[in-house]
Structures are given as structure tokens and as C-alpha cells.
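# 3D, please:
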Amino acid sequence: MNKAITQWAMRITYALSGLVVLAFIVYWTAFYMMAEKIVARAVADLTLRGYDVAAHAQPGGFPTIPTLTGFVKLTTPDGTVSVSIPNLRLRGFFIPHTRLRIDAEPGVYLTGPGTDAMWHTWRQMEKVHLSFDIPPSIHAGMKSIPVHKVDISVDQSRFIGNGLLQLDQMGQPAGMMNMRIVGIDHVIEQIRKDGTIDKQKAAMLGALLRGFEQADPETGVMAVTVPLTLRDRWLYAGPIMLWQIPPVALGL
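Numbers count the residues shown, from 1 in each chain. All right, here's what the predicted structure looks like:
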């Protein structure tokens, strides 16, 4: 009797394993077939909304995690901001409630009159990494998306953190993040050059933040943790106003 039960259990296990493998193969086949169509559909949708966009994606990653690699260049409908990502990689299963990792290296490049208020160094980000959970739908998800990790390298500084992104009542990006900043002195100097704060306030802020510096666990370099908030299109570090971001026409 026990032997018969064991044999049936093994058969059921083999059958379930076969179904899992079959489902995985079907998913991968569909992913390869639909990847380019999904990108083309997204480009067409953005074009209808007034964006000037070009994009290309190549599926890969078999047999582990599906991956799309390619490039994106997008200009907002009013022509004030252009975003160029020459080497973009999306890694995940591309279904709701799963985690998606976004990597852009060498980085993200911003141009256009809408970026005039930003630091010059922020227009050329050397490295961008971001991971978040895919929401059930873009309309439901844009209300609030938990970001598990953002890692941005810009010039002599690095920003590592997590938080929450969402849309405000005007349909503009908003949210808050707990950000660990490596190279805080360089960041403060950029703020001073930008004219956001004067030389005296920059010196006081630098002295204050250096008192909270600790060794970064990943690099060993001194870093300070700062709460970043984006509201009413203004980015704040604690109570300090950094810069105003250009309006974003999401069309959602």
C-alpha cells in the first residue's frame, strides 16, 4: 500500500513539474513574440499623446528572468524636455504584482529648456538603477508605487534610497524617499552654484550634515541620509528647496 501511494505521489510530482515547465516555456514563447509588439504599442500610444518618441527593445534572458534591452529617446509634447537613455535594460516577469528592475548605464541624459533650472551635472546621470513592484494597472499603480531601491550616480555623488512615488491632484509626479547621499559636500556646492542657497547657508548646511555622516555600508565612503520630498513640482531635501522640475504631460 505504502509503495503504491509513493508511486502515485511521484507521478503527481512529475506531472506538476511538467506543467510548470510547460507553462514557463509557453510564457517565454509569448514573451519573445509579444515584446516588440508591446514596445511598438507603447511608442504609438505616446505618439498619439503628443510625444516625439523612438524606442527599440530586444528580448533576452532565457532561461532565467525575461529581459528587454534597447534604447529610448523621448521629447515631451511641449518640447521643453528630452530624455535619452542609450542603454536601457528592463528585467522581470512583466506581469502585475512582480518586481521589475530598471538599469540605465551609461545613464540618462536630459536636454531642453525645461531642464534649465536643474544642475548641469543632473542632465547627465552616469548610472541609474531602479526596482519596484508592477501594479495591477497603470491607472491604479500610478496612485502609489513603492520603490524598493533607487541607485543614481551623478558626477561625484551617489544617491541610494527607497520610498514612494505617486501622482498629485494635478497629475504631476510626487512622492518621498529616504535617500543616502555619498558626496554631500559636492551636492551642496552644486546647490550653491545653482543659486538655490547663498554661500553662508551652504557652509552652515554642509557643517550640519557632515555631523550626521556615517560610513556607507557598500563603499565605506562617508555618506549622509536625507529625506527627499517631491511636491508641487519642487524637490526638497528636508526643508531645503532644491529645484523645480518641468511639468510632465503623462496623459493618464
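
# now stretch 17-28: how far from the chain's centre is it?
Centroid displacement of stretch 17-28 relative to its chain, using C-alpha atoms, centre = their mean, to the nearest Å, is 30 Å.

# hmm, K149 is touching S131, no?
Yes: counting by C-beta atoms under 8 Å, K149 does reach S131; the two are 5.1 Å apart. Where you see a C-beta, it was placed from the backbone N, CA and C, and this is true even at glycine.

# ok, the two, which is more surrounded?
Here K149 and S131 are compared on neighbour count by other C-beta atoms under 10 Å; more neighbours surround S131, at 17 against 13.

# what's near enough to touch the more buried one?
Neighbouring residues of S131 by C-beta atoms under 8 Å, 6 or more residues apart in numbering: 99-102, 147-149.

# what is the neighbour count of R210?
Neighbours of R210 under the rule other C-beta under 10 Å: 13.

# go on, P66?
20.

# so what's it closest to, chain neighbours aside?
Computed as C-beta to C-beta, 6 or more residues apart in numbering, the closest residue to P66 that is not its neighbour in sequence is F31, at 5.0 Å.

# I figured that neighbour hits F94, correct?
Yes: in this structure, F31 is within contact of F94 by C-beta under 8 Å, at 7.1 Å.

# isn't T47 right up against R41?
No: in this structure T47 lies outside contact range of R41 using C-beta under 8 Å: 10.7 Å.

# rewinding a little: quick check on the contacts of S131: which are buried?
Taking 16 or more other C-beta atoms under 10 Å as the criterion, what is buried in the contacts of S131 is 101-102, 147.

# which of those fall in strands?
When the buried ones among the contacts of S131 are checked against strands (DSSP state E), the matches are 101-102, 147.

# what sits closest to M176 if chain neighbours are left out?
Once flanking residues are discounted, M176 sits nearest to T229: 4.7 Å by C-beta to C-beta, 6+ apart.

# mind listing the helices for the stretch 151-252 of the chain?
184-194, 199-210 (DSSP state H, counting those that start in this stretch).

# any idea how far S153 lies from D194?
19 Å (C-beta to C-beta, to the nearest Å).

# with neighbour numbers in mind, choose between these two.
S153 (19 against 15).

# quick check, pLDDT for that one.
Looking at S153, its pLDDT reads 86.

# which non-adjacent residue is nearest it?
Counting by C-beta to C-beta, 6+ apart, K127 is the residue found nearest to S153 once chain neighbours are left out, at 4.1 Å.

# again with L205
Leaving aside its chain neighbours, L205 sits nearest to I188 (5.8 Å; criterion: C-beta to C-beta, 6+ apart).

# residues touching the one you found, list them.
202, 205-206, 209 are the contacts of I188 under C-beta under 8 Å, 6+ apart.

# please identify the helix or strand for S17.
With elements taken from DSSP states H and E, the one containing S17 is helix 2-48.

# quick one: secondary structure of I65?
Three-state call for I65 (DSSP: H, G, I helix; E, B strand; the rest coil): coil.

# surely it and L90 touch.
No: here I65 lies out of contact with L90, judged by C-beta under 8 Å, at a distance of 10.4 Å.

# the two: who's more crowded?
Set I65 next to L90 and count neighbours by other C-beta under 10 Å: L90 wins out with 18 against 12.

# any idea what the more buried one is bridged to?
Beta bridges link L90 to L68, I102 when assigned by DSSP bridges.

# pass me the low-pLDDT residue ranges in the stretch 151-252 of the chain, would you?
196, 218, 246, 248-252 (pLDDT under 70).

# again, only this time at 80
For the stretch 151-252 of the chain, residues meeting the criterion pLDDT under 80 lie at 155-156, 170-172, 190-198, 201-202, 205, 207-212, 216-222, 237-252.
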